[in-house]
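Q: Model the following, please.
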Amino acid sequence: MTILKKFISLAAMESVLLKSKFRGSLLGAVIGDCTGAPFEGDTITSGDKIVIQRYFDKLEDPEFKAPFKPYTDDTAMTKSVVKFLTDKPEPDYKFLARLFVNEYMKEPRRGYGAAIGEVFNKMRLSKFDDVFKPATEQFQGKGSYGNGGAMRVAPIALYYHDNYDAMLGVATKATKLTHTNTFAIHGALLQCIAVREALLADPKKKLDPEEFVASLQEKMKKIENANVDRDLESSSPEDRAYQDKLKIVEDLIGKSYEDLDEEVIFQLGNGISAYESVPTAIHCFLRAQNDIARIETGNQFRRTIQYAISLGGDTDTIASMAGAIAGAYLGEEAVNSELIRHCEFTQEMTEVADNLLSAKGEFPK
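A: Residues are numbered from 1 along each chain as shown. Just a heads-up that it's a prediction; the model follows:
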């Protein structure tokens, strides 16, 4: 084989792997959303974990026939982000705002919160004059600290995986359309970075959770410290918030005893805020690198999502974010075809992922 042919072959292999990982990440997001939605807001007991185990066993059974699991606002907004990336040569945030509003107006009962509905209505009534303004008016001008930006950011991580600074810039502005609180923005950036790190990791090599967390900590340190006055002796809790959370993730991953769930919920959270859900999703992905007590599956992708749901709380969003990371690492091949069959919009999501990769000009020939 000539040197030229060798490089062409390697490039083709790389693009095929990227295709699998793009699909895996977006499938992970929608499957986590669909399978997690029925348990949203629940406090999960030991008995409930048995129910969840049987729930996934049934969904993976080729003989099991049941209506598909519908997606929520997580997937609705993720679809819009993909279209925003594929349909315009340069980021157009007014276009993204219109996509969000159109999706919301078409199906407002997908689980959107009241606050986000208010933002979208203000955008529409103002005829999208200043699409960033409505979000700044939320919660007495403090902005929402929810995980709505983080839950939809995976396509940005995929599309800009080879341009880190651009990824952060687009993710920040895309989040600010609805969430302007620092905790929400930084949480979205952390999720974005985690998906990118997983995408760039070799699925054939065992992931080192400590190295993964260390890389996230290093990047979040630069983000959180960007506006800190070095001369001040004290700093705001926001200045190290996610660095500190990632230290907890690292500590929890290092613990050997089996039942960590209560400690995970207490220390990391399972709520609707970005601060109480993004680090939890990352923990779920890393914890699922190995067997987890009372989760009986050899499939790492399923284990990630099942574990996220077993923690209760904001199950659809945490499972969606964890699924997006796991899918970006493992690729489409790790996703059980029966899970795909039972979740809404999964077939279309593979096409959406392919469109995203095609827009990058890296779709395998």
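Q: going forward, measure contacts and count neighbours with C-alpha atoms only.
A: Noted.
Q: For the nearest residue to V335 once chain neighbours are set aside, give its distance to V51.
A: Nearest-residue entry for V335: F301, 6.4 Å, with adjacent residues in sequence omitted and distances by C-alpha to C-alpha, 6 or more residues apart in numbering. Distance, F301 to V51, by C-alpha to C-alpha, to the nearest Å: 19 Å.
Q: who has more neighbours, those two?
A: In this view F301 and V51 are compared by other C-alpha atoms under 10 Å, and F301 has more residues nearby, 29 against 14.
Q: my read: that one touches G323, true?
A: Yes - using C-alpha atoms under 8 Å, F301 makes contact with G323 at a distance of 7.1 Å.
Q: Find residues that contact each of those two.
A: Both F301 and G323 are contacted by G28, under the criterion C-alpha atoms under 8 Å, 6 or more residues apart in numbering.
Q: rewinding a little: so what's the residue nearest to V335 up against?
A: Shown here is F301, whose contacts under the criterion C-alpha under 8 Å, 6+ apart are G28, A288, G323, A326, G327, L330, A334, V335.
Q: How far away from the center of its chain is stretch 300-317?
A: Between the mean C-alpha point of stretch 300-317 and the mean C-alpha point of its chain there is a distance of 12 Å (C-alpha atoms, centre = their mean, to the nearest Å).
Q: just stretch 65-72 next, same as before
A: Relative to the mean C-alpha coordinate of its chain, stretch 65-72 is positioned 20 Å out (C-alpha atoms, centre = their mean).
Q: Pull up the distance across that stretch, start to finish.
A: With C-alpha to C-alpha as the measure, the ends of stretch 65-72 fall 22 Å from one another.
Q: again, but for stretch 277-297
A: Stretch 277-297 has an end-to-end distance of 24 Å (C-alpha to C-alpha).
Q: Could you list the buried residues of it?
A: Buried residues in stretch 277-297, counting neighbours by 16 or more other C-alpha atoms under 10 Å, are found at 277-289, 292, 295.
Q: Tell me which two of the residues you listed sit farthest apart.
A: Maximum pairwise distance in those, criterion C-alpha to C-alpha, is 21.6 Å, between V278 and I295.
Q: which SSE is the most centrally placed residue in the chain in?
A: Central residue of the chain (C-alpha atoms, centre = their mean): M321, 2.8 Å from the mean position. Following DSSP states H and E, the helix or strand that holds M321 is helix 315-330.
Q: Which other helices and strands does that helix contact?
A: On a contact count with 3 or more C-alpha pairs under 8 Å, 6 or more residues apart in numbering; DSSP states H and E, helix 315-330 meets helix 3-36, helix 182-200, helix 278-287, helix 300-310.
Q: now that helix against helix 182-200, angle please.
A: Using axes from the mean of the first three to the mean of the last three C-alpha atoms, to 10 degrees, one finds that helix 315-330 and helix 182-200 are set 30 degrees apart in direction.
Q: List the first helix or strand encountered after helix 315-330 toward the C-terminus.
A: Using DSSP H and E, the helix or strand that follows helix 315-330 towards the C-terminus is helix 337-342.
Q: which parts of that following helix are buried?
A: Residues of helix 337-342 classed as buried: E338, L339, I340, R341, H342 (neighbour count, 16+ other C-alpha under 10 Å).
Q: got it, and stretch 339-358?
A: In stretch 339-358, counting by 16+ other C-alpha under 10 Å, buried: 339-346, 349-350, 352-357.
Q: Residues touching that stretch, excluding its own?
A: Here stretch 339-358 makes contact (C-alpha under 8 Å, 6+ apart) with 18-19, 22-23, 26-27, 30-31, 34-35, 59-60, 66-71, 79, 82, 85-86, 155, 159, 363.
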